[in-house]
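Visitor: predicted model, plus sequence, below.
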Amino acid sequence: MEIKYRNFLNNNLFFLVLLLAVIIVVFLSYNRFIIRQDYIVGYEGKCDPLLENCFVGCEDDECTTEYYYTKMQKYAVDLYAECGKDITDCETANVCLPKDKKCSVTYCNPEVDGDACSKLPKETNAPDNSQLDTDGKDLLPNDNTNNPNI
């Protein structure tokens, strides 16, 4: 009888070790993801295309309706503590708070992401390069309002 078990172990040792490894991995994964919630959640955050470089998404296949978003990543424990189980209408899910352990907000980079970015409107206070010559000097006449000699 003992020889029968020894032969069984010798012939099936690989499969027994593999089965034990699978059971251990399943237990550790269940502990990490379900019990401790030790993972990063990635989702789309709110973004204002007038103030920030946002990613552009389409709500339908024809892309008739666009929406703007940032790429958010937050530690699940922090996210669920701030918002509960439903994070869809949670305002704190769209920002990184000081107490968050692992949090990042990724805005669209036009140089890297190209057409996936929203176009920021041209700022009205930014200097217009058409008013500067090649040396960077102002071609417009001075108003001299700060000159006390006039």
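Guide: That came in fine, so what should we check first? Numbers count the residues shown, from 1 in each chain.
Visitor: list the contacts for Y43?
Guide: Contact analysis of Y43 by CB atoms under 8 Å, 6 or more residues apart in numbering lists M72, I87, A93. In short, each C-beta sits where N, CA and C put it, glycine included.
Visitor: switch to 6 Å and redo it
Guide: Residues in contact with Y43 (CB atoms under 6 Å, 6 or more residues apart in numbering) are M72.
Visitor: let me see the domain layout of this structure.
Guide: By the record's domain assignment, the chain is partitioned as 1-36, 39-122 (automatic domain parsing).
Visitor: ok, and the closest non-adjacent residue to D113?
Guide: Once flanking residues are discounted, D113 sits nearest to F55: 7.1 Å by CB to CB, 6 or more residues apart in numbering.
Visitor: same question for A93.
Guide: In space, A93 is closest to I87, 4.7 Å off (CB to CB, 6+ apart).
Visitor: within the helices and strands, which one has the one you found?
Guide: Assigned by DSSP states H and E, I87 falls within no helix or strand.
Visitor: how many neighbours does the residue nearest to D113 have?
Guide: By the other CB atoms under 10 Å criterion, the neighbourhood of F55 contains 21 residues.
Visitor: now the one 5 residues further on
Guide: D60 is flanked by 8 other residues according to other CB under 10 Å.
Visitor: how about it, secondary structure?
Guide: coil (DSSP: H, G, I helix; E, B strand; the rest coil).
Visitor: that older thread, turn the domains of the chain into a markdown table, including mean pLDDT.
Guide: Output for the domains of the chain, formatted as a markdown table (pLDDT from 0 to 100):
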| stretch | mean pLDDT |
| --- | --- |
| domain 1-36 | 91 |
| domain 39-122 | 88 |
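Visitor: how about the closest residue to E66 other than its chain neighbours, secondary structure?
Guide: Once flanking residues are discounted, E66 sits nearest to V56: 5.4 Å by CB to CB, 6+ apart. Of the three states, V56 takes strand under three-state DSSP.
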